[in-house]
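Colleague: any chance you can model this:
(4 chains)
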There are 2 protein chains.
Amino acid sequence: MVKRTSFEGDSCPVARSLDALGDWWSLLIIREALFGLRRFGEFQSKLGMAKNILSARLHSLVDHGILETAPASDGSAYQEYVLTPKGRGTFPILVALRQWSEEFDDHPEQIATVLVDREKGRPVKKLEMRAEDGRLLSPADAMVKPRPAPRRRSA
Amino acid sequence: MVKRTSFEGDSCPVARSLDALGDWWSLLIIREALFGLRRFGEFQSKLGMAKNILSARLHSLVDHGILETAPASDGSAYQEYVLTPKGRGTFPILVALRQWSEEFDDHPEQIATVLVDREKGRPVKKLEMRAEDGRLLSPADAMVKPRPAPRRRSA
DNA sequence: TCGTGTGGTTGCATCATAAAACCAAATGCC
DNA sequence: GGCATTTGGTTTTATGATGCAACCACACGA
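Modeller: From the prediction side, this is the model:
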């Protein structure tokens, strides 16, 4: 099979993340979900995407434990899609993407919104990588290391 | 036309980022580049991807100003692909993806590496969103606001 | 009951991707 | 210089993914 390569079995955590949300629409769906969208039609009209693709993506996100279906909320018999904790955990990824665009986009004037601190209305600070003890780290200050030692007691 | 939708003209910065690096391979190429890979063959053998796709992705990344071609480095007449500042600016995105996987992956035992502080060898701290004044912000503490002044473009 | 809105699924046409074959320039070896 | 090999791709072809439109089932309202 020629199958679009899946990174499901890959050992790199970046690849594993991309396997779940590395397509064109998933992160945008999650973004809208973080803003409170829940219903199929809401996603469809807000994102302007084809309904079959939306359906496939929603199911994929549910399968990955990022969204879950909830029976209702406004009393109607319809279904809703709400973020799980794992889904809400993608928030830093979205912030990182947004900040990257804000900093490096070739046409920043086309960016319509800024992410602000709700209390003060001021833009949020850039994400920083810090050590356990709080030291600010540059990319060069970090490295990847093999995992400690997975205890595999059960076979 | 049916064309795979491009987010190039979208006003959402998340969508704009995804337009540049939202496909299956781009972020992995960047990850390897951050680790020092430069040559076509290095990327190809490390990532195990088809050469035509790699070629297309490299050109796309160059077009987006994320990579640039450099004439040599070891004296040979071949070409290299090196990250621009814009390319190195994706680092927080990769860290966010990695940390999301580390925290929520269904099979964390399959993750082979951890990102550590080079000096101490200890895992880096989770990325945090903070306000200008340093207050720690949760997703609920943030909101998007229309950009300060300039004109708005396509919605 | 009929009509309508919501929430999808099904069929195509087209695009992107993957694997392998092919190719040209650069390099290594003699 | 001559020849095989490596490097760095492009071309070819098959298949999966995407996009659009049509269709359908169910809920809801009149």
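Colleague: with adjacent residues omitted, what lies nearest to A:Met143?
Modeller: B:Arg118 (4.9 Å; CB to CB, 6 or more residues apart in numbering or on different chains). Placement of C-beta: from N, CA and C, glycine included.
Colleague: do A:Leu37 as well
Modeller: The shortest distance from A:Leu37 to any non-neighbouring residue, by CB to CB, 6+ apart, is to A:Phe43 (5.7 Å).
Colleague: what is the neighbour count of that neighbour?
Modeller: 22 (other CB atoms under 10 Å in any protein chain shown).
Colleague: contacts only, for it.
Modeller: A:Phe43 makes contacts with A:29, A:32-33, A:37, A:49, A:54, A:58, A:81, as judged by CB atoms under 8 Å, 6 or more residues apart in numbering or on different chains.
Colleague: PyMOL command for the buried members of the residues you listed?
Modeller: The buried subset of the contacts of A:Phe43, as determined by 16 or more other CB atoms under 10 Å in any protein chain shown, is captured in PyMOL by this line:
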select buried, chain A and resi 29+32+33+37+49+54+58+81
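Colleague: ok, so of the contacts of A:Phe43, who is nearest A:Gly134?
Modeller: A:Ala33 (32.1 Å; CB to CB).
Colleague: just for chain A, where's the confidence low?
Modeller: A:1-4, A:73, A:75, A:149-155 (pLDDT under 70).
Colleague: the residue nearest to A:Asp117 when sequence neighbours are not counted and B:Asp106, how far apart?
Modeller: Leaving aside its sequence neighbours, A:Asp117 sits nearest to B:Ala131 (CB to CB, 6+ apart; 4.1 Å). B:Ala131 is 33 Å from B:Asp106, where distance means CB to CB, to the nearest Å.
Colleague: more neighbours, these two?
Modeller: Just comparing B:Ala131 and B:Asp106: by other CB under 10 Å the higher neighbour count belongs to B:Ala131, 19 against 12.
Colleague: may I have the residues that are in contact with that one?
Modeller: Going by CB under 8 Å, 6+ apart, B:Ala131 touches A:117, A:119-120, A:122, A:124-125, B:137, B:141.
Colleague: what's the closest non-adjacent residue to the most centrally placed residue in chain A?
Modeller: In chain A, the residue lying closest to the centroid (CA atoms, centre = their mean) is A:Thr90, at 3.8 Å. Excluding the flanking residues, the one nearest A:Thr90 by CB to CB, 6+ apart is A:Ile30, at 5.4 Å.
Colleague: the host helix or strand of A:Ala33 close to DNA strand D?
Modeller: When elements are assigned from DSSP states H and E, A:Ala33 belongs to helix A:26-34. No - figure legend: helix A:26-34 not in contact with DNA strand D (CB under 7 Å from any atom of the strand); closest approach 9.2 Å.
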